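S.K.: next come a sequence and a model predicted from it.
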Amino acid sequence: MVLTGAAAVGLAGTARAGLPAQWEALARDPTGSASPDSVQERRKAARARVAALEALSLQSLDRDTGVVLASVLHGARSEATLADFAQGDGNSVYPVTYRAGQHTQVAAGKASVTEIDFETGRIAADTANGIAQPDFLLRRALLAVEAAHAQAQGGVKAALESQIVALTAQLAVAGDRPGVSRLPGGRDYYAAQLGLALSSSIDTGAAMKAARKRIDAIWDELDESLKAQGLKSGPAHERLQRFARDPRYLYPQSDSGRNRMVADMNLMLVDSIARLPQAFDPETVPPSQVERMSAADEAAGVQGKRSGTSYIIDQRRMRDRPSWTLPSVVHHELYPGHMLPPAVRPAPLSALQGRYGGAAYGEGWPVYAETVAAEIGALDTWPLARIGFLHWQAFRMARVVADIGLHTENWSRAEAVRTLTRLQGGPIYFITIDEDIDRMCLAPGVNAAQGLSTLDFSAKRAAASKLPGFDVKAFHRAAMAWGPLSPDGFAAALKA
């Protein structure tokens, strides 16, 4: 493959007007009250969306429409497939969890009795069909709803009381197996959830094999790197955890420590931006910086976040952020990670790109960008930064393995925790391993799709680089110029 046409000449100015007028209408769901009828309307809309997209695929299409259609079609088909299952509504498997549901709106005074009653009806219907979230998560959901009930008043309180009764009754059909393979048509259901998240067809066995191969290579290198630091005894993942506690690489839990961390990260950012022309087109990028979080946000438990073109870093637990982990945080959150695609394409061509495969691209690209940053020397200035880079990469690939293992291989929760601990080398800063596993149980396919997006960028680049005329800048331009793309969409972009 030699990049030609649009992919070779630059696309930052591609016109949105090239897409058919019906795109934005296709991206909208029917609105209405929470009711069985509204669910059926959304399911009907999902099927109609597929029919419209498939009809479009039979027409002679301009370049932009063809790329976007390739990017979203599999996701739309997967969403329509999910409509045929008894469990779930779109990408939501369970109506109420410890993280989602009207109970989360009580403190803000925004909970709706109508919506709570609708959730409770869905819980009862699931119970009748033998469908329930795993018992350990159901108990967490009960605790969350009970806490909201204690704060609620009037009709909301009464509605939540009925919901507590329904959730308690569901314990009778809840087992301890965490994956969706235990649900009716579970393996097909997982394939559809993964297809919705990635918006491309993927063989889970091949995906598991690819992720494990990448992890093996990561740990071979980490093993040697840790030995070079004098850590020679014990399993490699335990040695990495010991290394993460080495006080030589920890900032003080103080104002001066926080300021020094931010200053160091801004130096890392300047270095990374200076190296971008080695692999990317933009002569200039919007100014960006790392900033300290406000004391109020930090006290409230707010996690690190991007704001405009800045990254606001969470520094609550300074002793859990070794200095060698920070360069890859900069490369992921800022440049060439999250911040570079919007500099090339400020908005996607269609809202459907966010709906189908957008979240996978949204994390898949920054993780891939970390590898590019390593290639262009952005780790070289910072001692031991490659160990941090490898740890972050292991975390992303381990999530692929755990997600697929949970939902297709009937792993127990304990097995998933053990495997994730070993493969990623202990928890990373922003989430514990136990919490990560619990979230994977509730959002099947999401974490796998993110890692598989990263692997797809790497695989396509490896294949393209073997062909005459390969230009890495043109390759990266094609990855960003249309907005978020699924693997299928990126394949179409490379041919456009």
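M.R.: Good, I have the coordinates. Numbers count the residues shown, from 1 in each chain.

S.K.: the protein: strands as residue ranges?
M.R.: Along the chain, counting by DSSP state E, strands occupy 289-292, 305-307, 310-313.

S.K.: now for the last one, which elements pack on it?
M.R.: Read that as strand 310-313. helix 255-275, strand 289-292, strand 305-307, helix 326-333 (3 or more Cβ pairs under 8 Å, 6 or more residues apart in numbering; DSSP states H and E). C-beta here means a position set from N, CA and C on the backbone, and glycine is covered the same way.

S.K.: just the CA trace of the second one, in CSV.
M.R.: So the one you mean is strand 289-292. Only the C-alpha atoms of strand 289-292 are listed here, as CSV (Å, rounded to 0.1, in the frame of the first residue of the first chain):
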residue,chain,number,x,y,z
GLN,A,289,0.6,22.6,29.6
VAL,A,290,0.3,20.5,32.7
GLU,A,291,-1.4,22.3,35.6
ARG,A,292,-2.0,21.6,39.2
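
S.K.: related to what we said a few turns ago, among the helices and strands packed on strand 310-313, which gets the worst mean confidence?
M.R.: Lowest mean pLDDT of the helices and strands packed on strand 310-313: strand 305-307, a mean of 94.

S.K.: count of neighbours near Arg418?
M.R.: 13 (other Cβ atoms under 10 Å).

S.K.: again with Arg245
M.R.: Neighbours of Arg245 (other Cβ under 10 Å): 12.

S.K.: gap between it and Pro322?
M.R.: 8 Å (Cβ to Cβ, to the nearest Å).

S.K.: next: Tyr94.
M.R.: Distance from Tyr94 to Pro322, by Cβ to Cβ: 37 Å.

S.K.: neighbour count: these two, which is higher?
M.R.: Tyr94 (24 against 21).

S.K.: could I get the helices and strands packed on strand 310-313 as CSV with mean neighbour count and distance to Tyr190?
M.R.: Shown next, in CSV, are the helices and strands packed on strand 310-313 (neighbours: other Cβ atoms under 10 Å; distance: least, Cβ to Cβ, whole Å):
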stretch, mean neighbour count, distance to Tyr190
helix 255-275, 17, 37
strand 289-292, 17, 38
strand 305-307, 12, 30
helix 326-333, 26, 27
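
S.K.: compile those into CSV and extend it with columns for distance to Ala414.
M.R.: Formatted as CSV, the helices and strands packed on strand 310-313 follow (distance: least, Cβ to Cβ, whole Å):
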stretch, distance to Ala414
helix 255-275, 35
strand 289-292, 38
strand 305-307, 33
helix 326-333, 30
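
S.K.: of all those, which lies closest to Ile404?
M.R.: Closest of the helices and strands packed on strand 310-313 to Ile404 is helix 326-333, at 22.8 Å (criterion: Cβ to Cβ).

S.K.: which residues does the closest one contact?
M.R.: Under the criterion Cβ atoms under 8 Å, 6 or more residues apart in numbering, residues 261, 264-265, 268-269, 272, 290, 304, 306, 311, 313, 337-339, 366-367, 369-370, 373, 378-379, 382, 385, 388-389, 392 lie in contact with helix 326-333.

S.K.: now the angle from it to helix 255-275?
M.R.: Put simply, helix 326-333 runs at 60 degrees to helix 255-275, going by axes from the mean of the first three to the mean of the last three Cα atoms, to 10 degrees.

S.K.: list the contacts of the nearest residue to Pro322 once chain neighbours are set aside.
M.R.: Leaving aside its sequence neighbours, Pro322 sits nearest to Tyr249 (Cβ to Cβ, 6 or more residues apart in numbering; 4.4 Å). Tyr249 sits next to Pro322, Ser323, Trp324, Leu384 when contact means Cβ under 8 Å, 6+ apart.

S.K.: ok, now with 10 Å
M.R.: Listed by Cβ atoms under 10 Å, 6 or more residues apart in numbering, the contact set of Tyr249 reads Phe243, Arg321, Pro322, Ser323, Trp324, Thr325, Leu326, Pro383, Leu384, Ile387, Gly388.

S.K.: can you put those in TSV and add distance to Ala206?
M.R.: TSV is the format used below for these (distance: Cβ to Cβ, whole Å):
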residue	distance to Ala206
Phe243	33
Arg321	35
Pro322	35
Ser323	37
Trp324	33
Thr325	31
Leu326	34
Pro383	38
Leu384	34
Ile387	29
Gly388	29
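
S.K.: and those, which of them are buried?
M.R.: Phe243, Arg321, Pro322, Ser323, Trp324, Thr325, Leu326, Leu384, Ile387, Gly388 (16 or more other Cβ atoms under 10 Å).

S.K.: how about those in JSON lines, adding distance to Ala197?
M.R.: Shown next, in JSON lines, are the buried ones among the contacts of Tyr249 (distance: Cβ to Cβ, whole Å):
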{"residue": "Phe243", "distance to Ala197": "33"}
{"residue": "Arg321", "distance to Ala197": "29"}
{"residue": "Pro322", "distance to Ala197": "31"}
{"residue": "Ser323", "distance to Ala197": "34"}
{"residue": "Trp324", "distance to Ala197": "31"}
{"residue": "Thr325", "distance to Ala197": "27"}
{"residue": "Leu326", "distance to Ala197": "29"}
{"residue": "Leu384", "distance to Ala197": "34"}
{"residue": "Ile387", "distance to Ala197": "30"}
{"residue": "Gly388", "distance to Ala197": "27"}
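
S.K.: and Leu423, how far from Val180?
M.R.: Taken as Cβ to Cβ, the span from Leu423 to Val180 is 21 Å.

S.K.: who's more crowded, the two?
M.R.: Val180 (28 against 22).

S.K.: and the more buried one, what pLDDT?
M.R.: 95.

S.K.: mind listing what it touches?
M.R.: 85, 87-88, 93, 131, 133-134, 186-190, 193, 406-408, 441-442, 444-445.

S.K.: give me the buried subset of these.
M.R.: Counted by 16+ other Cβ under 10 Å, the contacts of Val180 give 85, 87-88, 93, 131, 133-134, 186-187, 189-190, 193, 406-408, 441-442, 444-445 as buried.

S.K.: OK, contacts around Ala132?
M.R.: 87, 94, 123, 126, 138, 167, 169-175, 182-183.

S.K.: local confidence estimate at it?
M.R.: Ala132 is given a pLDDT of 95.

S.K.: which residue, other than its chain neighbours, is closest to it?
M.R.: Ala174 is the one closest to Ala132 (Cβ to Cβ, 6+ apart), at 3.9 Å.

S.K.: just give me the neighbour total for the spatially closest residue to Leu442 that is not a sequence neighbour.
M.R.: The shortest distance from Leu442 to any non-neighbouring residue, by Cβ to Cβ, 6+ apart, is to Thr97 (5.3 Å). Neighbourhood size, Thr97 [other Cβ under 10 Å]: 23.

S.K.: so how far is Val165 from Thr97?
M.R.: Counting by Cβ to Cβ, the gap from Thr97 to Val165 is 17 Å.

S.K.: which residue is most remote from the mean position of the chain?
M.R.: Most distant residue from the mean C-alpha position of the chain: Gly154, 38.1 Å away (Cα atoms, centre = their mean).
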